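1. okay, predicted coordinates and the sequence, questions at the end:
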Amino acid sequence: MRGIARKLRRNSTEAEKLLWELLRNRRFAAFKFRRQVPVGPFVADFACFDAMLIIELDGSQHFESQRDAARDSELRRRGFHILRIWNNDLAAPDSVLDAIWHALHRSTLQ
């Protein structure tokens, strides 16, 4: 999985690059995020292990995906909270960051 994660980091989408600039190096509320990180048999787009939060950036190919539903179920079983963000939502980055803020704090309060 580490090799796949490395390849995904090298070939990031524009949406992933944009969100990574907002989250990297503890830039967002001092939370440590990792990108394209293995979590069990999966690779999460972004993960904050302190808050047990996984952020997935999705394009239209993920609309009503059965594979994503099964993946989310397994990640939740492992104790993670999943936040799915559509790529086009990044056109309003403040709204995305607000959703992440709430997800982080919901995760850390549990």
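-> Looks like it came in fine.
2. state the distance from Met52 to Ala92.
-> Met52 sits at a distance of 26 Å from Ala92 (criterion: CB to CB, to the nearest Å). (C-beta placed from N, C-alpha, C; glycine too.)
3. who has more neighbours, those two?
-> With other CB atoms under 10 Å as the criterion, Met52 and Ala92 differ in neighbour count, and Met52 comes out ahead with 17 against 10.
4. list phi and psi for that one.
-> phi 50, psi 50 (degrees, to the nearest 10).
5. now do Ala47
-> Dihedral pair for Ala47: phi -140, psi 140, per degrees, to the nearest 10.
6. before we move on, what about Ser12?
-> Taking degrees, to the nearest 10 as the convention, Ser12 sits at phi -60, psi 150.
7. what's the nearest residue to it if we skip its chain neighbours?
-> Computed as CB to CB, 6 or more residues apart in numbering, the closest residue to Ser12 that is not its neighbour in sequence is Trp20, at 7.0 Å.
8. does the one you found really touch Ile55, like I thought?
-> No. Counting by CB atoms under 8 Å, Trp20 does not reach Ile55; the two are 10.5 Å apart.
9. any residues in contact with both of these two?
-> With CB atoms under 8 Å, 6 or more residues apart in numbering applied, the overlap between the contact sets of Trp20 and Ile55 consists of Phe46.
10. looking at those two now, which is surrounded by more residues?
-> Remark: of Trp20 and Ile55, Ile55 carries more neighbours, 23 against 19, as counted by other CB under 10 Å.
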